[in-house]
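S.K.: quick one: sequence plus predicted model below, questions after.
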Amino acid sequence: MEKKMTIEQKKEILEQAKQLKQYQDHPADNSCLPKLTIADIPKHGKYVQTHQIQLNSAPLQIVKSTTNGLSYVRLFFNIEALPQEDHELLPLFASLITTIGAGDMDSKALAQEKEMYTGSLSASTSLQLHYSESGLYQKGFIIEGSCLHRNISKMFDLIETILLSPNFTFYDFMLTRILSNTFAIQDSVIDDAHSYAVAHSASYFNSLARVNENLGGLSQLKYLQQIDQDLPALQALAVRFKKLGERIFNRNVLRGSIVSEAEYIPQLYESFSKLFDQLTILKNKEPSSSCSSSSSSSASPSSSSSLSSPIHHPAHRFMTNEWIFSQKRFHFIPYPVTVNFVSQTIPGVPYSHPDSAALDVCRNLLSIRYLHPQVREKGGAYGSGVTHAAGAHNLLSFFSYRDPNIERTIQVFENSSKWLNQDSFTDQDIEETKLKIFQRLDAPLVPSSHGSVEFLSYITPEMRESKRRQIFEISRKEIHEVAEKYLHFDKSVVSVIGNAQLAENLSPNQWSIIDFSPKTE
């Protein structure tokens, strides 16, 4: 095409490119547009009221709400004492426990029962950093479901059968689920590789982030690919799953949450109490060396004034979040993608830290006003931003996706503090950033999520209101201070997921190559 162009056409293209760069470098004038201002935002947030009680010695959270004819239950089993070798099983176990079969039901019959008596019934793992102590985190296994009010007893009966009598001997179903989970992660990496890069770079900082990567990152894909698919291997896996369920579904470490309309709360009490009585009682084991003792006040949510249940209940136990960072690292992960996905993670602070609100404003400001024009518009990436690693509020991860310029992007990340301290943003930029934060904070919640923040992370309405006040008060001064204090990339880890050919051009003295590529037969 270039050979067919005249000199005048080439000059015209160069001139257009020059004009485009000038346009990109020139700040946009949005003053003529109608806008929402910070003065339009309510000073106080609206929070769901929760009540904490003790039912059959289990902590139970009650949320009375308008639910449009549905009741919701969430069961949290604290798994801090679960052996390390069982961690890799958890995602697959979670996908099987409510689907493979239970009692005298195979997977098809179980699916029919779920469809008849529930709106949803699923299992998952939970990892949450302590709201104020970076050195503590909580690990749990969750069963949650919803149903019409008239089916409350039926739903709890079904949950009881699933927890007490799971049937892992349907080996064809198990193999199908192993393959489908593997393919799901492979497809997800293609579409959402930046989240996997974030999880990988964060995993070099602390125990929580490492467990999170093992459960939901590329390490989980590698584990699934290594499972032998012959019958003896599946039978051995079924035995492990059976023992895993016996360890997890222990009523000594159970706490629950129910959401429903007031008149149906007594029926939910009764059903929860019946389920609790049927669960096994396992002798409490001493926490492993990686766990905080339940007798330590720092290992429980003692600051949460709304938690009336005993703060040292085993269901509330936290684990030690060991700091494992050693030095700045660069990792490249070859994968069958055509472009790159970049993450660079640095330390941050927990939710209730005095600098947390300013850092939230700082990371959102960088995402909107700095990274978007630099990485997307000028660098050619599809997008970029700054986020928290999953469950780990004390880590900040810079990321880009579908990015053709790795080195340039890393340099942009590392110039973030310089950009902030040069006052390259306006007061209007700060206000728009706050508006974006409040848009997320004030977004309406579906009934199933009512009380979930307090239940899972112990973050009370009082804590959220305090942070809301802080965000309103953040000024340019606080932004400069946290940028100077925290945006240091000499303590960072870079992880890039990209095409294998690019690895050939990377310096082996700087970059380590990590192989998570999918198996090929």
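M.R.: Great, that's in hand.

S.K.: buried stuff in the helix or strand encompassing M174?
M.R.: Using DSSP states H and E, M174 maps to helix 171-202. By neighbour count with 16 or more other CB atoms under 10 Å, helix 171-202 contains the buried residues 171, 173-175, 177-178, 181-182, 185-186, 189, 193-202. The C-beta positions use only the backbone N, C-alpha and C, and glycine is treated the same way.

S.K.: so what's the gap between that helix and the chain middle?
M.R.: From the chain centre to the centre of helix 171-202 is a distance of 15 Å (CA atoms, centre = their mean, to the nearest Å).

S.K.: can you check stretch 480-498 too?
M.R.: 20 Å.

S.K.: endpoints of it, how far apart?
M.R.: 34 Å (CA to CA, to the nearest Å).

S.K.: give the rounded mean pLDDT of the helix or strand hosting G385.
M.R.: Secondary-structure assignment from DSSP H and E places G385 in strand 383-389. The pLDDT scores in strand 383-389 average 90.

S.K.: may I have it exported as CSV, CA atoms only?
M.R.: Output of strand 383-389 as CSV, limited to C-alpha atoms (Å, rounded to 0.1, in the frame of the first residue of the first chain):
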residue,chain,number,x,y,z
GLY,A,383,-7.0,-0.8,28.7
SER,A,384,-5.3,-0.3,32.0
GLY,A,385,-5.8,0.6,35.7
VAL,A,386,-4.9,0.2,39.3
THR,A,387,-6.7,-2.4,41.4
HIS,A,388,-6.5,-4.5,44.6
ALA,A,389,-5.5,-8.1,44.3
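
S.K.: first vs last residue of stretch 494-505, how far apart are they?
M.R.: In stretch 494-505, first residue to last residue: 17 Å (CA to CA).

S.K.: for that stretch, which positions count as buried?
M.R.: Within stretch 494-505, judged by 16+ other CB under 10 Å, the buried ones are 494-498, 503.

S.K.: what about those residues, which are in helices?
M.R.: A503 (DSSP state H).

S.K.: want to throw the buried residues of stretch 494-505 into JSON lines with distance to Y458?
M.R.: Listed next are those as JSON lines, based on distance: CB to CB, whole Å:
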{"residue": "V494", "distance to Y458": "33"}
{"residue": "S495", "distance to Y458": "30"}
{"residue": "V496", "distance to Y458": "35"}
{"residue": "I497", "distance to Y458": "34"}
{"residue": "G498", "distance to Y458": "39"}
{"residue": "A503", "distance to Y458": "43"}
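
S.K.: between the buried residues of stretch 494-505, which is nearest D86?
M.R.: The nearest member of those to D86, counting by CB to CB, is S495 at 26.1 Å.

S.K.: just checking, the closest one touches N340?
M.R.: No - using CB atoms under 8 Å, S495 makes no contact with N340, being 10.7 Å away.

S.K.: how about low-confidence regions in the protein?
M.R.: For the chain, the stretches flagged by pLDDT under 70 are 30-31, 282-311, 390-391, 517-521.

S.K.: let's go with 80 and repeat that
M.R.: 1-4, 23-35, 281-312, 389-393, 516-521 (pLDDT under 80).

S.K.: quick revisit: the helix holding M174: what's the following helix or strand?
M.R.: Taking DSSP H and E, what comes next after helix 171-202 is helix 207-216.

S.K.: run through who's touching that next one.
M.R.: Where contact means CB atoms under 8 Å, 6 or more residues apart in numbering, the residues beyond helix 207-216 that reach it are 87-88, 90-91, 125, 127, 129, 137, 139, 199-200, 202-204, 219-220, 223, 290, 319-322, 324, 389-392, 395.

S.K.: how far off centre is that helix?
M.R.: Computed by CA atoms, centre = their mean, the chain-centroid distance of helix 207-216 equals 10 Å.

S.K.: next: stretch 383-403.
M.R.: Taking CA atoms, centre = their mean, one finds stretch 383-403 lying 11 Å from the centre of the chain it belongs to.

S.K.: buried stuff in it?
M.R.: By 16+ other CB under 10 Å, the buried positions in stretch 383-403 come out as 384-403.

S.K.: okay, how far is it across that stretch, tip to tip?
M.R.: Start-to-end span of stretch 383-403 (CA to CA) is 8 Å.

S.K.: same check on stretch 499-509?
M.R.: 20 Å.

S.K.: correct me, but A123 touches I143?
M.R.: Yes - with contact defined as CB under 8 Å, A123 counts as touching I143 (5.3 Å).
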